[in-house]
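[1] Kindly return the folded structure for what I paste below:
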Amino acid sequence: MKVGIIRCQQTEDMCPGNTDFAVARENKGVFATSNEPVEVIGFVSCGGCPGKKSVTRAEMMVNRGAQVVVLASCITRGNPIGFACPHRDNILAAIKKRIGEKAEIWDWTH
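    Numbers count the residues shown, from 1 in each chain. Model prediction:
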(Lines give C-alpha, C1' and ligand atoms only; values in the text may rest on other atoms or scores of the structure.)
Protein backbone atom coordinates (compact mmCIF):
# COMPACT_ATOMS: atom_id res chain seq x y z
CA MET A 1 0.00 0.00 0.00
CA LYS A 2 1.32 3.43 -0.95
CA VAL A 3 0.74 6.24 1.54
CA GLY A 4 1.39 9.95 1.75
CA ILE A 5 1.79 11.54 5.16
CA ILE A 6 0.99 15.16 6.00
CA ARG A 7 2.61 16.57 9.10
CA CYS A 8 2.41 19.80 11.08
CA GLN A 9 4.89 22.37 9.83
CA GLN A 10 5.30 23.83 13.32
CA THR A 11 6.65 20.56 14.72
CA GLU A 12 9.22 19.97 11.97
CA ASP A 13 12.04 21.37 14.08
CA MET A 14 11.14 19.07 16.99
CA CYS A 15 10.38 15.84 15.15
CA PRO A 16 12.19 14.33 12.17
CA GLY A 17 9.29 11.95 11.50
CA ASN A 18 11.25 8.81 12.33
CA THR A 19 8.39 7.31 14.35
CA ASP A 20 5.99 7.86 11.44
CA PHE A 21 8.38 6.00 9.14
CA ALA A 22 8.96 3.22 11.68
CA VAL A 23 5.28 2.50 12.33
CA ALA A 24 4.63 2.49 8.57
CA ARG A 25 7.54 0.13 7.88
CA GLU A 26 6.57 -2.19 10.76
CA ASN A 27 2.79 -2.07 10.10
CA LYS A 28 2.12 -0.65 13.56
CA GLY A 29 -0.07 2.22 14.74
CA VAL A 30 -2.77 3.00 12.19
CA PHE A 31 -0.86 0.91 9.65
CA ALA A 32 -1.62 -2.26 11.63
CA THR A 33 -4.94 -2.34 9.75
CA SER A 34 -3.05 -3.08 6.53
CA ASN A 35 -2.23 -6.64 5.53
CA GLU A 36 0.35 -5.52 2.99
CA PRO A 37 3.68 -3.70 3.18
CA VAL A 38 3.45 0.07 3.49
CA GLU A 39 5.47 2.31 1.22
CA VAL A 40 5.65 5.99 2.17
CA ILE A 41 5.70 7.86 -1.15
CA GLY A 42 5.41 11.36 0.29
CA PHE A 43 6.07 13.11 3.58
CA VAL A 44 5.07 16.77 3.46
CA SER A 45 3.99 19.49 5.84
CA CYS A 46 0.59 21.14 5.93
CA GLY A 47 2.28 24.34 4.77
CA GLY A 48 1.73 26.12 8.07
CA CYS A 49 -1.39 27.44 9.75
CA PRO A 50 -4.18 27.20 8.84
CA GLY A 51 -3.09 24.22 6.73
CA LYS A 52 -4.52 25.28 3.36
CA LYS A 53 -1.59 23.79 1.44
CA SER A 54 -2.39 20.34 2.83
CA VAL A 55 -5.28 20.03 0.39
CA THR A 56 -3.16 20.55 -2.71
CA ARG A 57 -0.36 18.44 -1.25
CA ALA A 58 -2.76 15.57 -0.52
CA GLU A 59 -4.07 15.72 -4.08
CA MET A 60 -0.51 15.80 -5.43
CA MET A 61 0.39 12.64 -3.50
CA VAL A 62 -2.76 10.87 -4.72
CA ASN A 63 -1.93 11.87 -8.29
CA ARG A 64 1.50 10.32 -7.74
CA GLY A 65 0.12 7.02 -6.52
CA ALA A 66 -0.86 7.36 -2.86
CA GLN A 67 -3.74 5.06 -2.01
CA VAL A 68 -4.02 6.52 1.49
CA VAL A 69 -3.36 10.03 2.79
CA VAL A 70 -2.54 10.09 6.49
CA LEU A 71 -2.55 13.07 8.82
CA ALA A 72 0.41 12.55 11.13
CA SER A 73 -0.12 12.32 14.86
CA CYS A 74 1.38 15.77 15.36
CA ILE A 75 -1.75 17.15 13.69
CA THR A 76 -4.37 14.88 15.24
CA ARG A 77 -2.91 14.01 18.64
CA GLY A 78 -0.46 16.83 19.21
CA ASN A 79 2.64 14.62 19.35
CA PRO A 80 5.30 15.53 20.46
CA ILE A 81 4.22 18.81 22.08
CA GLY A 82 0.81 17.77 23.38
CA PHE A 83 -1.11 20.36 21.34
CA ALA A 84 -3.27 19.06 18.51
CA CYS A 85 -3.87 21.24 15.48
CA PRO A 86 -6.83 23.58 15.98
CA HIS A 87 -7.41 23.44 12.21
CA ARG A 88 -7.54 19.64 12.01
CA ASP A 89 -11.27 19.33 11.32
CA ASN A 90 -11.13 21.91 8.51
CA ILE A 91 -8.03 20.30 6.99
CA LEU A 92 -9.63 16.85 7.07
CA ALA A 93 -12.92 18.07 5.56
CA ALA A 94 -11.15 20.02 2.80
CA ILE A 95 -8.95 17.05 1.85
CA LYS A 96 -11.96 14.72 1.77
CA LYS A 97 -13.84 17.17 -0.43
CA ARG A 98 -10.92 17.54 -2.85
CA ILE A 99 -9.84 13.92 -3.28
CA GLY A 100 -13.21 12.26 -2.72
CA GLU A 101 -13.06 8.52 -3.36
CA LYS A 102 -9.64 8.60 -5.05
CA ALA A 103 -7.90 7.59 -1.81
CA GLU A 104 -8.62 6.77 1.80
CA ILE A 105 -7.86 9.33 4.49
CA TRP A 106 -6.53 8.19 7.85
CA ASP A 107 -6.44 10.46 10.86
CA TRP A 108 -3.25 9.56 12.78
CA THR A 109 -0.03 7.59 12.45
CA HIS A 110 1.05 6.48 15.93
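[2] where does the most far-flung residue of the chain relative to its centre land on pLDDT?
    Ranked by distance from the centre of the chain (C-alpha atoms, centre = their mean), the top residue is N35, with 19.2 Å. On pLDDT, N35 comes in at 90.
[3] do D13 as well
    With respect to pLDDT, D13 scores 85.
[4] Ok, R64 next?
    98.
[5] cool, C46 as well?
    In this model, C46 is scored at 97, pLDDT.
[6] same question, R98
    At R98, the pLDDT value in this model is 97.
[7] give the contact list for it.
    V55, T56, A58, E59 (C-beta atoms under 8 Å, 6 or more residues apart in numbering). Yep, even glycine has a C-beta here, placed from its N, CA and C like the rest.
[8] can you do 7 Å?
    V55, A58, E59 (C-beta atoms under 7 Å, 6 or more residues apart in numbering).
[9] where's the first one, which helix or strand?
    In the assignment (DSSP states H and E), V55 maps to helix 53-63.
[10] What ranges in the chain fall below the confidence cut-off?
    For the chain, no stretch has pLDDT under 70.
[11] can you pull out the strands in it?
    Assigned by DSSP state E, the strands in the chain fall at 2-7, 39-45, 68-71, 104-106.
[12] and I81, which of those strands is closest to it?
    Closest of the strands of the chain to I81 is strand 2-7, at 12.6 Å (criterion: C-beta to C-beta).
[13] any idea how far that closest one is from the chain center?
    In terms of C-alpha atoms, centre = their mean, to the nearest Å, the centre of strand 2-7 is found 4 Å from the chain centre.
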